[in-house]
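Novice: my questions concern the predicted model and sequence given below.
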Amino acid sequence: MTNTYETEITRDAYKKLEARTMVNNINDYDWLISTYKNDRGQIVCNAQACEETETGFSFVMFQDPSVTLCQVQKRATEKAIKEVHDMGLIEFDKLITSSELPTRSLSV
């Protein structure tokens, strides 16, 4: 991994594990990278373009970009969530260095 990120692993209201990392100001977006187990039994790492606010973050559904970084079919233990999140962060770094992450288009 080329960048160092601060990741938080927590349990949601349903006691499911989730890893979250906020990366600020890449291509005029803040990016929330989250890893969780979906309803199909996969552990998914996703990057959502957003705007960090005082109380959390906000984004416009179907307008702000979202990128699936990694998907793995395995049991969602804390170790597995962390491993998949780390794989997603490596993929996110690759997208940054290859300039493949979407940029905010500003209309004038």
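Specialist: Now that the structure is in, tell me what you want to look at. Numbering: from 1, shown residues only.

Novice: where along the chain do the strands fall?
Specialist: 7-11, 17-26, 29-37, 42-53, 56-58, 66-73 (DSSP state E).

Novice: out of those strands, deepest packed?
Specialist: For these, the largest average neighbour count (mean count of other Cβ atoms under 10 Å) is found in strand 29-37, namely a mean of 21. For the C-beta atoms, the positions are set from N, CA and C on the backbone; glycine is no exception.

Novice: just checking, what packs against that strand?
Specialist: If contacts are counted by 3 or more Cβ pairs under 8 Å, 6 or more residues apart in numbering; DSSP states H and E, strand 29-37 sits against strand 17-26, strand 42-53, helix 78-97.

Novice: so who does residue 47 touch?
Specialist: Neighbouring residues of residue 47 by Cβ atoms under 8 Å, 6 or more residues apart in numbering: 31-33, 66-67, 69, 88, 92.

Novice: rebuild those as CSV, extending it with distance to residue 51.
Specialist: As requested, the contacts of residue 47 are arranged in CSV below (distance: Cβ to Cβ, whole Å):
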residue, distance to residue 51
31, 10
32, 10
33, 15
66, 14
67, 17
69, 20
88, 21
92, 18
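
Novice: which one among those residues gets closest to residue 6?
Specialist: Among the contacts of residue 47, residue 33 lies closest to residue 6 (Cβ to Cβ), at 11.1 Å.

Novice: quick check: bridge partners of the closest one?
Specialist: residue 21, residue 47 (DSSP bridges).

Novice: weakest of the strands of the chain in terms of mean pLDDT?
Specialist: Mean pLDDT is lowest for strand 56-58 among these, at a mean of 80.
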